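>>> next comes the sequence, and after it the predicted model I'd like to discuss.
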Amino acid sequence: MPTLKQVEPNRYSRILGYGAARPDLIVTNDDIAGPIDSSDEWIVQRTGIKTRHRASEKISVTDLAVGAAQDALATSGVQGEELDAVIVATISHPYATPALATLVAEAVGSKAPAYDISAACAGFCYGIAQADALVRSGTAQKVLVIGVEKLSDFIDNTERTISFLLGDGAGAAVVGASDEPGIGPTIWGSDGERWGAVGMTHSMLDIRNRDFVANPVQEGEKLWPTLRQDGQTVFRWAVWEMAKVAQKALDAAGITADDLGALVTHQANMRIIDQMVKTLKLPESVVVARDIECAGNTSAASVPLAAHQLLQDNPDLSGKFALQIGFGAGLAYAAQVVVLP
């Protein structure tokens, strides 16, 4: 009986380059404070956010994803036809099927396998974990990973738990084979017990099954599902549990906090970031991504956008270790140490 042939594995993988696409509108706290009966001072104090980028109607989630993909490919020196897989993390593609990733692959000149991940704010780090596995197994040599959101399509501007946090944007990375370790082991998981802590107000099935004769639309009622959260539950979970996950990622990579050059967390809330810095006892030499101040919370786009901006502002971080961690709806989480390109 013949033996099945196997592809030749690669020993290691690394991130070859990041890319980003930030949309055209800058929304200030004053622009959105009125409908939620808030103020610039309150929003800054509670979240650290001063502005957030949002896309106008003419810009789609596909446009953002393609823009970030093209930027990452250019930065990495990789052509679209060289890609062996395209992975897109998003919760805001308006179609349940087909995948957004196939549109992105076509736009960059690739016929590679392409698929979407729905892991919300952890989605990009999930994608990096999968790209790392694909490359090291030999199944792929170059993988494009994108985190993209147009969350403004799913915002109720009068909702007080999450609407003022959210922004739009896309970040991307190309993962390729490496002679040295460039991506550490991923620590990831989920906490389905808190499944409802972040999510939608209702499902599309609720609308389809509703008897509008018996239950007519009320004034001010929102039929389109929008985002909401239990802020206290999410905050406590992120502050206490995600620092443990971050430490496990450091341990799995065989380094300590003193070895880090940067920390790139999901940009959910500045207070969560500050608490993680304290809990991990990071030295002052570690550069901490604080993209949330100008970009807001962009869910799956958060980590790659923050990493891209960090390297733009601190090019000397190239070649140093960064701990990246995403966490959010699901509740899902993932963390890994990477060597910055």
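Yes, it's here. Fair warning: this is a prediction, and the values are worked out from it, not measured in the lab. Numbers count the residues shown, from 1 in each chain.

>>> the residue nearest to Gly182 when sequence neighbours are not counted - how many residues pack around it?
Closest residue to Gly182 apart from its sequence neighbours, by C-beta to C-beta, 6 or more residues apart in numbering: Arg14 at 2.4 Å. C-beta here means a position set from N, CA and C on the backbone, and glycine is covered the same way. For Arg14, the neighbour count with other C-beta atoms under 10 Å is 20.

>>> same question, Ala96
9.

>>> and it, how far from Thr90?
As judged by C-beta to C-beta, to the nearest Å, Ala96 and Thr90 stand 12 Å apart.

>>> same deal with Leu317?
27 Å.

>>> what about those two, which has more around it?
Neighbours per residue (other C-beta under 10 Å) separate Leu317 from Thr90, with Thr90 holding more: 29 against 17.

>>> which helices and strands sit right next to the one helix or strand the residue nearest to Gly182 maps to?
Element membership for Arg14, per DSSP states H and E: strand 12-21. Contacts defined by 3 or more C-beta pairs under 8 Å, 6 or more residues apart in numbering; DSSP states H and E place strand 12-21 against helix 61-76, helix 123-137, strand 168-178, helix 302-313, strand 332-339.

>>> what's the angle between the shortest one and helix 123-137?
Spelled out, it's strand 332-339. 60 degrees (axes from the mean of the first three to the mean of the last three C-alpha atoms, to 10 degrees).

>>> any idea how far Ile207 is from Leu282?
Separation of Leu282 from Ile207 (C-beta to C-beta): 46 Å.

>>> which of the two has more neighbours?
Between Leu282 and Ile207, Leu282 has the larger neighbour count (other C-beta under 10 Å), namely 19 against 12.

>>> over to that one: give its phi and psi.
Per-residue torsions, Leu282: phi -70, psi 140 (degrees, to the nearest 10).

>>> list the residues that contact it.
257, 260, 263, 288 (C-beta atoms under 8 Å, 6 or more residues apart in numbering).

>>> reformat those as CSV; add pLDDT.
Compiled in CSV, the contacts of Leu282 are given as follows (pLDDT from 0 to 100):
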residue, pLDDT
Ala257, 97
Leu260, 98
Leu263, 98
Val288, 98
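
>>> of those residues, which belong to strands?
Among those, DSSP state E puts 260, 263, 288 in strands.

>>> ok, which stretches of the stretch 151-300 of the chain are helices?
For the stretch 151-300 of the chain, helices defined by DSSP state H, counting those that start in this stretch occupy the ranges 204-208, 231-253, 270-280, 292-295.

>>> tell me which of the ones you listed sits nearest to Tyr126.
Distance to Tyr126, taken as C-beta to C-beta, is lowest for helix 231-253 among these, at 13.2 Å.
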